[in-house]
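[1] I would like to see how this sequence folds:
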Amino acid sequence: MASPPQVRSGVKLARYVDPLPIPSLISAIGSSNKIIDIEMRQFRQRVHRDLPPTTLWGYNGSWPGPTIEVQSGQALSINWTSKLPTRHLFRVDHSIHGAESSIPEVRNVAHIHGACVLPDDDGFPEAWFTANGEHGPKFNPRPSFYPNGQSSTALWYHDHCMGITRLNIYAGLAGFYLIRDEAERTLNLPSGEYEVPLMLQDRLFHRDGSLYYPTVVNGPREHPLWIQEFYGDMNCVNGMVMPFLEVEPRKYRFRILNAANSRFYHLRLFNTDGAGKSLDDSFDDVPSFQQIGTDGGLLPTPLELRYLLIGPAERFDIVIDFSNFKGKYFSLVNDAPAPYTMGGQYVAEDVMLFKVTKPLSGKDTSTVPDTLVPFEALEPTYATRERMLLVSEKERPSDGYVIIGLLGDARWHDPITEDPKAGSTEIWSFVNITGDVHPLHIHLVQFQVLNRQPFDVQTYQQTGKIVFTGKPMAPESNERPAHKDTIKSYPGFVTRVIQRFDLPQGAPTTPGEELVYVWHCHILEHEDNEMMRPYKVVI
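    Below is the predicted model:
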């Protein structure tokens, strides 16, 4: 893949001068079958002390949208509505499939990422609607129903409209969705004001505060505006550019979400002064990350880490213990190459600053137990089949510029080829012949990572045969054992995951019925340009 020229906004902003915003909370705990209204609106919000307010789109008029909190086993319905304008904030490339000029420029559909729901409630890419009452072919006119039959976890909701997901999420349409359960409550983890959501996104801003989403320079004639990946020069956390968080000398739980369009984050804490200037690059006087959960919920045991590598759409549940660091400052810094792992684009390093300068309000009685929750491993021997799924890109011959991405060597409207039986267990093996790391997301299920194995890409391209060049590699330390819904598919590797295609408990079904979901790359620019495929669960 050829990396396009770096794009910089030219805006210089001071770091760590604004406090971290905390999204508002909508709690539906204690009231099963509750219906809430979430409205998409255009508004203006200040994202940095030195910028004028930025025009954004958001759920209930904020970026991020409100955090929705539910109890496991208590259903919730959401009436998603729109009061957005008819003109988009950014230029739409009508050559992209699903974004043709014959359909409304502004249209939306909300998807709760990681939720086990029926297709009508899943935010299908063609189920879009507008503020004027127009809608797509798969539109669901009733409020979306979420049974919440899953264990405690951090999901997130975001726009999922075909052909313009990258633009709608970039405009601000994303928020947290937290599921709680009794097992989590008994662990006595940090909670309340000591549990903090952190939504990581990179952005470009004009000097007037407006968002800047670039269009292609010397790109493919097939897509005159689409860019193959987006990288901003400013990191935002909860909608604020490089904020700070003042904390007490005690334990904090952070629910980290990478909601960036394309950027991977490789995060580390540095010992700094109050302005964020590094004092020491060793780990001697820096708290560790205690990871207690991932995409699908809590891990069986905590995992102590010094670095966090988080791809787009992944979530990490971590605890940082500041108890022994009163008066200290720690900057959270990213050093992941962009694109990951090739590089060539700007590395937005500064993320946020922790100031351990807040007086201790009372004794910290929270804990991080040695044992968290039980884990049931899926046995590969129970899998009814293994599917070999190609991850590929079509490049411009002259310079390798990517024109389109494909999954299974097929486009969106090609016949569906993945058809697991409801309740069956399958292994999906992603065969990545591209130069990109693709974060692949499968709707409906939580899977488990089995392994990764290197293979000869050139031999595959010439013969279609997979010739392995090494032994299977165990999953990364925080992928085993763990429930995941998004996985890093590395170039030159076959990445294997196993999942059981369970429908929501008690879901009404008919024998022979086919329920259509999707799987896709969560680099949003890829997803919008054919790197998304439907699959069907057969009853």
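[2] Tell me, how many residues neighbour the closest residue to I466 other than its chain neighbours?
    Sequence neighbours aside, F455 is the residue nearest to I466 in space, at 5.1 Å (criterion: Cβ to Cβ, 6 or more residues apart in numbering). Where you see a C-beta, it was placed from the backbone N, CA and C, and this is true even at glycine. The local packing of F455 (other Cβ atoms under 10 Å) involves 18 other residues.
[3] What does the pLDDT read for F455?
    Predicted confidence (pLDDT) for F455: 98.
[4] Output the below-cut-off pLDDT ranges for this structure.
    Low-confidence segments of the chain (pLDDT under 70): 1-5, 218-220.
[5] domains of it?
    By the assignment in automatic domain parsing, the chain contains the domains 25-182, 197-355, 380-538.
[6] do you know which of those lies nearest T365?
    Comparison of the domains of the chain against T365 by Cβ to Cβ identifies domain 197-355 as nearest, at 9.5 Å.
[7] OK, contacts around the closest residue to S95 other than its chain neighbours?
    Of all residues not flanking S95 in the chain, H223 sits nearest, at 5.0 Å (Cβ to Cβ, 6+ apart). H223 makes contact with 93, 95-96, 216, 403, 529 under the criterion Cβ atoms under 8 Å, 6 or more residues apart in numbering.
[8] Compare those residues and tell me which has the most neighbours.
    Neighbour max across those (other Cβ under 10 Å) = N529, 30 neighbours.
[9] Distance-wise, check that one relative to G297.
    Here the criterion is Cβ to Cβ, to the nearest Å. By it, N529 lies 32 Å from G297.
[10] can you check S27 too?
    Counting by Cβ to Cβ, the gap from S27 to G297 is 19 Å.
[11] Neighbour count: these two, which is higher?
    Neighbour tally, S27 and G297, criterion other Cβ under 10 Å: the higher count belongs to G297, 27 against 16.
[12] wait, isn't the more buried one in contact with R180?
    No: between G297 and R180 there is no contact under Cβ atoms under 8 Å: 10.9 Å.
[13] What is the neighbour count of P481?
    Neighbourhood size, P481 [other Cβ under 10 Å]: 14.
[14] ok so it is a helix residue?
    No: P481 is assigned coil when assessed by DSSP: H, G, I helix; E, B strand; the rest coil, not a helix.
[15] Distance of it relative to P104?
    In terms of Cβ to Cβ, P481 sits 45 Å off from P104.
[16] do N334 as well
    37 Å.
[17] The two - which one has more neighbours?
    Taking other Cβ under 10 Å, N334 and P104 do not tie; N334 has more neighbours (21 against 17).
[18] which residue sits closest to that one, ignoring its sequence neighbours?
    Y265 (4.9 Å).
[19] now swap in K83 and tell me
    R41 (5.0 Å).
[20] and that neighbour, what element?
    Taking DSSP states H and E as the criterion, R41 maps to strand 34-45.
[21] Output stretch 363-382 as CSV, restricted to C-alpha atoms.
    Written as CSV, here are the backbone C-alpha positions of stretch 363-382 (Å, rounded to 0.1, in the frame of the first residue of the first chain):
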residue,chain,number,x,y,z
LYS,A,363,-10.0,5.9,52.3
ASP,A,364,-9.8,3.9,49.0
THR,A,365,-11.6,0.7,49.8
SER,A,366,-11.8,-0.5,46.2
THR,A,367,-9.9,-3.6,45.1
VAL,A,368,-8.6,-5.4,42.1
PRO,A,369,-9.1,-9.1,43.0
ASP,A,370,-6.7,-11.8,41.8
THR,A,371,-9.7,-13.6,40.3
LEU,A,372,-12.4,-11.7,38.3
VAL,A,373,-14.9,-13.9,36.5
PRO,A,374,-15.0,-17.5,35.1
PHE,A,375,-14.2,-18.1,31.5
GLU,A,376,-15.6,-20.8,29.3
ALA,A,377,-13.3,-21.6,26.4
LEU,A,378,-14.7,-22.7,23.1
GLU,A,379,-13.1,-26.0,21.9
PRO,A,380,-11.9,-26.0,18.3
THR,A,381,-12.9,-29.7,18.1
TYR,A,382,-16.6,-28.6,18.5
